[in-house]
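>>> The following comprises the amino acid sequence and a computationally predicted model.
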Amino acid sequence: MLNIKKINLILIGCLLGSIANAEDDPLKAALLDYYMSLANPTPSAILQNYNRDYLGNLKTEDELKIKVKYVKEAQKLAKSDKKTVDLSIKNVKKYHGDTVAQVTYTQIYDDNSLGEQKSVQLQIDKEGKWKLALQPKNIPASKDDCVFVAEDLEKTDLEVKIPGVKVRSGNNDYRFVLAYPSDDKRIPPPNDDSWNHVFTNQYRYMAPEYKQTFKNSYAIIKTLKDAGFVNMKEGHLHVSYANYQDKMVTQKVSGVIFSFTKKGEDTLLKNQSPSEYYDKMFIGRIGVKTIGDTVEPKNGGQKYQCTLYYGLLDTPLTFSKEILDYFKSQQNIFAPRFDKVENIYIKFNDGKWEKTI
Amino acid sequence: MKLLNIFKTLVLISTVFFLSACGESTEEKVKNLAVEYTKALCTGNADYVFKNTDFGDDLDSDKEEFAHKKIESIVNKNKEKTDKKGGINKIEAQEPIFSEDKTMAKVLIKITYKTDDDSKDEEITLKNDGSNNWKVLFK
């Protein structure tokens, strides 16, 4: 029978084995150093894993705030029962002359279970060592980055069913509802051919808790676009906190506002005034809130969990009365121009996204 | 010659000790100040808090009196709350987190109480006046 001492020795052996493997891979080694520092999670032990070269442009207060944030995060992680003994690197993308790397990885715990997939930025510091980024650098946007997001999602075998049907992605369930918002004048005119760029930028600056949501939103938009539903021109992140009359509901809503036009009308729209532009343009909004959070509309009636709304060109839509009432109660955001409902099912099948019935 | 070597060795050793003592002293100084300041805040020692608080600019007598009274009232309220929990059991401070230019530091503090299972986490922010004199930035 193995006693605790032996188990510890085995674990240390595993960790040393990982480190030996990691020697060939300095990015993995840097990440493993971080997880090893959790054994003695003092501020200095944690912070030595971070690159501090780019802190000069920050106010001293902000610099300290960032450091404290990372120390606290690590100390919280250190309290976890499971210890990380190895990492499985899923993806590495390098930027800025290979001095910045975005690494996607999964932790392997001491009980052989796997952690959630994470993505972090590492930077080469003045001494030529890879360190975690305290102050992440901008990553140049490219179509590839977006493809990366989509590919990442495809692995989760995301199945999308719209509307009002649960969407399963990993451990998260989302409910989707279609809507047709007509005249949200707050949305700025789109930049031509920039939606890939905008998505990538927004994703980069997003809080970690919103990233999965965004990935889902992105995959859906991309899917619909690929399926020929929309000619999408622009998108930007929208995070909102909503006040539903009596109750302030803090929604962890993260979504993408996007717009699209009929094919062939792009040139025409470019030459029009913003108001004419918006009259012609169809604006969609996609927002996701996890099931379990509820929204109580002002009539105090039924609680709705319909939290992803969507606008599609040439897609006839109607809504049940209760959903219509819900959107009507949000008249500053949506004009009630819904005609009929169509269920759209999109499935990742045999390596491709396709529309199904 | 032998004596000279011994002397050199002694000088080297004392320099190393001196330097390491200096390195430690800032950390210890900042950490101890954070602990003592927290203790003073919770036990009603308004004078200590006032003396070790950074007010930004020099205070004229009117402002000084006002600041002292303000601190007194805050400290007394804190003391009342602490006494309700049976007083302080322990104040634990982590090593300071310094800014790169060493002009500021934060110390993460954990306060435990004698008759209350709840503990309180605090962040004490300290500022260096340039001559390694540290004071606490009052929130």
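Ah, there it is. Residues are numbered from 1 along each chain as shown, chains lettered A, B, ... in the order given.
>>> which residue packs closest to the spatially most central residue of chain B, ignoring adjacent ones?
With distances taken as CA atoms, centre = their mean, chain B has residue B:33 as the residue nearest its mean C-alpha position (1.7 Å). Distance criterion CB to CB, 6 or more residues apart in numbering or on different chains; nearest residue to residue B:33, sequence neighbours excluded, is residue B:134 at 5.6 Å. Yep, even glycine has a C-beta here, placed from its N, CA and C like the rest.
>>> I figured that neighbour hits residue B:105, correct?
Yes. Residue B:134 is within contact range of residue B:105, at 7.4 Å (criterion: CB atoms under 8 Å).
>>> Please name the residues that touch the residue nearest to the centre of chain B.
For residue B:33, the contact set (CB atoms under 8 Å, 6 or more residues apart in numbering or on different chains) comprises B:52, B:126, B:134, B:136.
>>> Okay, strands next: where are they in chain B?
Secondary structure of chain B (DSSP state E): strands at B:53-54, B:88-93, B:97-98, B:104-113, B:119-128, B:134-137.
>>> Which strands border the second one, and is each parallel or antiparallel?
Based on DSSP bridges, the strands next to strand B:88-93 in the sheet, each with its direction, are strand B:104-113 (antiparallel).
>>> And chain A, is stretch B:51-63 touching that?
No. Contact of stretch B:51-63 with chain A (CB under 8 Å from any CB of the partner chain) is absent, the minimum separation being 12.9 Å.
>>> So what touches that stretch?
Residues outside stretch B:51-63 that contact it (CB under 8 Å, 6+ apart): B:33, B:36-37, B:40, B:67, B:71, B:126-127, B:129, B:135-138.
>>> Mark which of these are buried, thanks.
Neighbour counting over these (16 or more other CB atoms under 10 Å in any protein chain shown) leaves B:33, B:36, B:37, B:40, B:71, B:126, B:127, B:135, B:136, B:138 as the buried ones.
>>> in terms of contact, does the fourth one touch residue B:75 like I think?
Yes. With contacts counted by CB under 8 Å, residue B:40 reaches residue B:75, the gap being 7.2 Å.
>>> Can you pull the residues that touch both of the two?
Taking CB under 8 Å, 6+ apart as the contact rule, residue B:40 and residue B:75 both touch B:46, B:49.
>>> residues from chain A in reach of chain B?
A:42-44, A:47, A:52, A:55-56, A:60-61, A:63-64, A:67-68, A:71-72.
>>> which of the residues you listed are buried?
Counted by 16+ other CB under 10 Å, these give A:43, A:47, A:52, A:55, A:60, A:63, A:64, A:67, A:68, A:71, A:72 as buried.
>>> biggest separation within those, which pair?
Across those, the longest distance by CB to CB is 18.5 Å; it joins A:60 and A:72.
>>> Pick the most buried one from the strands of chain B.
strand B:97-98 (a mean of 23; mean count of other CB atoms under 10 Å in any protein chain shown).
>>> what residues does chain B put near chain A?
Counting by CB under 8 Å from any CB, chain B sits next to chain A at B:94-97, B:99-101, B:103-106, B:108, B:123, B:125.
>>> Residue B:79: which of those is nearest?
For the residues of chain B next to chain A, the nearest to residue B:79 is residue B:123 (20.4 Å; CB to CB).
>>> Does that closest one touch residue A:65 like I think?
No. With contact defined as CB under 8 Å, residue B:123 does not count as touching residue A:65 (9.5 Å).
>>> Rebuild the contacts of stretch B:51-63 as CSV, extending it with pLDDT.
Output for the contacts of stretch B:51-63, formatted as CSV (pLDDT from 0 to 100):
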residue, pLDDT
B:33, 95
B:36, 96
B:37, 95
B:40, 95
B:67, 84
B:71, 90
B:126, 95
B:127, 94
B:129, 83
B:135, 94
B:136, 94
B:137, 89
B:138, 72
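>>> Nearest to residue A:114 among those residues?
Of these, the one sitting nearest to residue A:114 (CB to CB) turns out to be residue B:126, at 41.8 Å.
>>> Just give the nearest non-adjacent residue to residue B:86, would you?
In this structure, residue B:86 finds its nearest non-sequential neighbour in residue B:115, 3.1 Å apart by CB to CB, 6+ apart.
>>> where does residue A:93 land in three-state SS?
Classification of residue A:93 by DSSP: H, G, I helix; E, B strand; the rest coil places it in strand.
>>> roughly how far apart are it and residue A:50?
20 Å (CB to CB, to the nearest Å).
>>> What are the buried residues along stretch A:114-122?
A:117, A:119, A:120, A:121, A:122.
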